[in-house]
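Student: using only what follows, build the 3D model:
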Amino acid sequence: MKVLLILLLWAILLVLCWPIALLALILWPIVWLLSIPFRIVGIAAEAFLALIKAILFLPARLLGHR
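Tutor: You can find the predicted model right below:
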């Protein structure tokens, strides 16, 4: 559904202002490549926080608290 909405919005932009739509189509892969390091940092931060949570809740899990 999300892809269909994005395609529809891009088609509307193509009809209204085709140079901006083509520029967006060309720049989208570059923006995606530049965002990869930020995604990796986000995944690492999420994993670190999950580890901290697991360490903090370990005593309660060992004592049988659910």
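
Student: helix or strand for Ala54, which one?
Tutor: helix 18-62 (DSSP states H and E).

Student: same check, this time on Leu4
Tutor: Under the criterion DSSP H and E, the helix or strand holding Leu4 is helix 2-16.

Student: what packs against that helix?
Tutor: Taking 3 or more C-beta pairs under 8 Å, 6 or more residues apart in numbering; DSSP states H and E as the contact definition, the neighbouring helices and strands of helix 2-16 are helix 18-62. Where C-beta positions appear, they are placed from N, C-alpha and C, glycine not excepted.

Student: run the chain-centre distance for the helix it packs on.
Tutor: The chain centre lies 6 Å from the centre of helix 18-62; the measure is C-alpha atoms, centre = their mean, to the nearest Å.

Student: do the same with stretch 4-18
Tutor: Shown here is stretch 4-18, whose average C-alpha point lies 22 Å from the average C-alpha point of the whole chain (C-alpha atoms, centre = their mean).
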